[in-house]
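**Student:** Dropping a prediction and its sequence here:
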Amino acid sequence: MNGTSTFLQACENLCGGLFFCVEGDDEYENVNWIIGDGYLSDESKIPTKEQVLAEVTRIKNQEIYKLQRSGQIFDGDATTDGIYPSIGDQLDLLWHDIDDGKLGDTAKTTSFYTTLKNVKAKYPKPS
């Protein structure tokens, strides 16, 4: 996230801008919220610790999802390999499905479809 900590990004997301400063480590107790004209309108706009922690978790899950989809991590390990089979292997699966006459009404039972569906099931898109 361009050098910005996940904690700071979560605080910014929840209060709609840089209406806070952090003195010390990135912990909720170290946040000073700025209330006033042009900032947070009142104390009711300050996110709770639970909200900030939930947003941190959401951001981290989103980053993991992006890394998985880009092939930078696989089963928790950093890798340059993609999580899907190589293009060559995918085309080979597709070719054999075509050659075996499996495409058409039963396309969802093909090796190609099943392989891609299994990857998507293993790495679901976070909500």
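**Tutor:** Good, I have the coordinates.
**Student:** Please identify the buried residues of stretch 116-127?
**Tutor:** residue 123 (16 or more other CB atoms under 10 Å). For every residue, glycine as well, the C-beta is placed using N, CA and C.
**Student:** try stretch 23-31
**Tutor:** Result for stretch 23-31 [16+ other CB under 10 Å]: buried residues 28, 31.
**Student:** can you give me the end-to-end distance of it?
**Tutor:** Terminal residues of stretch 23-31 lie 7 Å apart, using CA to CA, to the nearest Å.
**Student:** so how far is that stretch from its chain's centroid?
**Tutor:** Taking CA atoms, centre = their mean, to the nearest Å, the mean C-alpha location of stretch 23-31 is offset from the chain mean by 25 Å.
**Student:** Please enumerate residues in contact with it?
**Tutor:** 5, 7, 8, 11, 20, 21, 22, 32, 49, 52, 53 (CB atoms under 8 Å, 6 or more residues apart in numbering).
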